[in-house]
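[1] What follows is a protein structure lacking sequence information:
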C-alpha cells in the first residue's frame, strides 16, 4: 500500500482584528491601491467625470438675470404660485425686499426687518401679505400693498 502524505496550509487570522463588537462597528477592509494592479482606473474615473459634467449641463437651469440691491448675501426668497410678481427676498443683513421681476428693480424694501439673518420668507394664503422669520427669533407679517 502507498501512503499519501498531504500538507495543508491553514490561514489563520487574529479574531480581534476581524470581529465586530457591536453591529455599528465598521469592518476593516483591506484594499490594494497600487495603480499597477488597476490599470484602467484612471480612464474609468475620467469617463465618469466627463459623464457627470455632461449630465450637469443637461439638467442645469438657465440664468434668468441678476438683481442688485442687497448689501449682503441673499439667504431666502419666495414668490406667488400664480405669478412671478411680487418676488420677495431676505438677506443675511436682515433686509427684506419685494421685487418686480420684469424690470428687475426693488419696489419695496425694509433695511431693518430683522436684527440678523432672514432665515425664511413665504407669501400668505390670501396673497395680500407675506411672512418673514429671522435669526432674532421673530416671525413678522408684512402687507404687500404693491
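    Yep, that arrived. The shown structure was predicted, so the numbers you read here are calculated from the model rather than taken from an experiment. Numbering: from 1, shown residues only.

[2] Show me the beta-bridge partners of residue 133.
    residue 120, residue 139 (DSSP bridges).

[3] Can we start the residue count at 260 from this point?
    Fine by me, first position is 260 from now on; the one you just mentioned is residue 392.

[4] buried stuff in stretch 309-326?
    residue 326 (16 or more other C-beta atoms under 10 Å). To be clear about C-beta, it is placed using only N, CA and C from the backbone, and glycine gets the same treatment.

[5] first to last residue in it, what's the distance?
    33 Å (C-alpha to C-alpha, to the nearest Å).

[6] repeat for stretch 380-395
    End-to-end for stretch 380-395, by C-alpha to C-alpha: 14 Å.

[7] again with stretch 294-301
    Stretch 294-301 end-to-end distance (C-alpha to C-alpha) = 9 Å.

[8] now do stretch 350-367
    With C-alpha to C-alpha, one end of stretch 350-367 sits 14 Å from the other.
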